[in-house]
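>>> Just the structure for this:
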Amino acid sequence: MKNNTTVKCPSCGKEVIGLEREVRTVYPDDAAEIIKDDPDSKKIETWGPDFIRLGKQRYFVRVMLPVKLDVGHEFRFGVWMEVGQETITDLKKVWNSSEYVKVSFEGILANAVPPWGDTILGAECKAEVRDAKSVPFIKSSNNLELSEILSKPTSVHEIETVIADVWK
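Numbers count the residues shown, from 1 in each chain. Below is the predicted model of the structure:
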């Protein structure tokens, strides 16, 4: 948790602590399916905590999906974007350099995120770096559902319910 501010949920009145936080997926959905069936699979190659190659032709980078909350804070889902080989090569060159803060790139959201699930899985999106100490954040999308998630506040009650149900 990044913030210990306490606010009341406008829907249920419950006090919620630590709203500036995140939940991270371990793998892109396709990689998670492979690991589930074959935990020792050689098809998945990780390059540190933020890059994955699946097979010989699929590349993924970790990003944050920021969700504005109706109580004025932001919740973050750590997800994966699938990108092309050229993009992954460029990202790896600047990841730990001063050029990193200028990074922006396009790709496809590689996780179905509760509560939106498959409606955002596979959505084209653009990510950019907010600060040098964090992975890039999804900034925009041409997918209507994902675009609304990025621009309109979501009920803190709904997010808290998802966290309790899915990530406990």
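>>> can you tell me which residue is nearest the centre of this structure?
Against the mean C-alpha coordinate of the chain, by CA atoms, centre = their mean, the closest residue is Val79 at 2.8 Å.
>>> That residue and Pro153: what is the separation?
The spacing between Val79 and Pro153, counted by CB to CB, to the nearest Å, is 19 Å. Placement of C-beta: from N, CA and C, glycine included.
>>> ok, now Val94?
33 Å.
>>> buried ones in stretch 62-71?
For stretch 62-71, burial by neighbour count (16 or more other CB atoms under 10 Å) applies to 62-67, 69-71.
>>> Distance from the chain centre to that stretch, please.
Its chain's average C-alpha position is 8 Å from that of stretch 62-71, according to CA atoms, centre = their mean, to the nearest Å.
>>> Can you give the contact residues for that stretch?
The contact list for stretch 62-71 (CB atoms under 8 Å, 6 or more residues apart in numbering) reads 7-10, 16, 19, 22, 24, 49-51, 74-81, 109, 113, 127, 134-138, 149-156, 159.
>>> Near Val61, how many other residues are there?
25 (other CB atoms under 10 Å).
>>> what pairs with it across the strands?
Val61 has these beta-bridge partners by DSSP bridges: Phe51, Met81.
>>> now the one 4 residues further on
Leu65 has these beta-bridge partners by DSSP bridges: Phe77.
>>> follow-up on the earlier one: confidence-wise, which of the buried residues of stretch 62-71 comes last?
The member of the buried residues of stretch 62-71 with the lowest pLDDT is Val71, at 82.
>>> can you give me the strands in this structure?
Along the chain, the stretches classed as strands by DSSP state E are 6-8, 15-17, 21-24, 44-47, 51-54, 58-68, 74-83, 104-109, 124-128, 137-141.
>>> Make CSV out of the ones you listed and add distance to Ile35.
As requested, those are arranged in CSV below (distance: least, CB to CB, whole Å):
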stretch, distance to Ile35
strand 6-8, 37
strand 15-17, 33
strand 21-24, 15
strand 44-47, 7
strand 51-54, 10
strand 58-68, 13
strand 74-83, 13
strand 104-109, 19
strand 124-128, 24
strand 137-141, 24
